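Enquirer: here is my input; please provide its structure:
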Amino acid sequence: MVVDADLPVIREVRPWYQKWISTRSSYPERHMRFITVPSTQFAFEQRLSLAPRAQRELLVFLDLRLKIAEQAKSKSTGFAGRLFNVLPGENPDYLRLSGRELKDVLQVIGADVGDLTEIDVCYDLRVDVAREALKVLEQAEAASD
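Expert: Residues are numbered from 1 along each chain as shown. Here you go, the predicted structure:
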């Protein structure tokens, strides 16, 4: 799969309502408390995403996400397929990752991840970079067997 080299490798994803509130309100922090309502499920999901992944888990995770991106690519040829990709938020050129997942993937390929990512923000990672990380993980898995 060929990816356009002009696309940014990593891009930050902010939900539309956060952008809207920050531009429309004189006190955005006052309105954000209604959007980020704390819940048990959200707290569990956040703690789970903060835990670093083992190499085997990361290998399975990236393999699954890349298969989803390949299906999104095959569906993106027609109008119905593009609509089908937009509804769940799938993009054939990018994988949506949390900050922790992105940090784990970039560490696998040896990228410097100092202050590059915030843990609680979503990012899009280009598919070819994720595919490179998957190859490195597969080689490490084969070498350990």
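
Enquirer: burial measure for Val127, as a count.
Expert: 23 (other CB atoms under 10 Å). Heads up, the C-betas are built off the backbone N, CA and C, glycines and all.

Enquirer: actually Ser98, sorry about that
Expert: If we define neighbours as other CB under 10 Å, then Ser98 has 20 of them.

Enquirer: list the beta-bridge partners for it.
Expert: Cys122 (DSSP bridges).

Enquirer: who touches the longest helix along the chain?
Expert: The helix that spans the most residues within the chain, counting by DSSP state H, is helix 55-75. Residues outside helix 55-75 that contact it (CB atoms under 8 Å, 6 or more residues apart in numbering): 1, 53, 81-82, 84-85, 90-95, 97, 101, 104-105, 108, 127, 130-131, 133-134, 137-138, 140-141.

Enquirer: so of these, which ones are in helices?
Expert: Those of the contacts of helix 55-75 lying in helices (DSSP H): 81-82, 84-85, 101, 104-105, 108, 127, 130-131, 133-134, 137-138, 140-141.

Enquirer: quick one: buried ones out of the contacts of helix 55-75?
Expert: 53, 81, 85, 90, 92-95, 97, 101, 104-105, 108, 127, 130, 133-134, 137 (16 or more other CB atoms under 10 Å).

Enquirer: show me the shaky parts of this protein.
Expert: 1-5, 14-51, 114, 116-117, 120 (pLDDT under 70).

Enquirer: could you rerun that using 80?
Expert: 1-53, 84-90, 111-121, 145 (pLDDT under 80).

Enquirer: is Asp124 in a helix, a strand, or coil?
Expert: strand (DSSP: H, G, I helix; E, B strand; the rest coil).

Enquirer: that one and Ala140, how far apart?
Expert: 25 Å (CB to CB, to the nearest Å).

Enquirer: now swap in Glu118 and tell me
Expert: Counting by CB to CB - Glu118 and Ala140 are separated by 27 Å.

Enquirer: again with Lys73
Expert: 27 Å.

Enquirer: could you do Gly89 as well?
Expert: 30 Å.

Enquirer: what of Phe79?
Expert: Counting by CB to CB, the gap from Phe79 to Ala140 is 41 Å.

Enquirer: ok, how many other residues are close to Ala143?
Expert: Counted with other CB under 10 Å, Ala143 comes out at 7.
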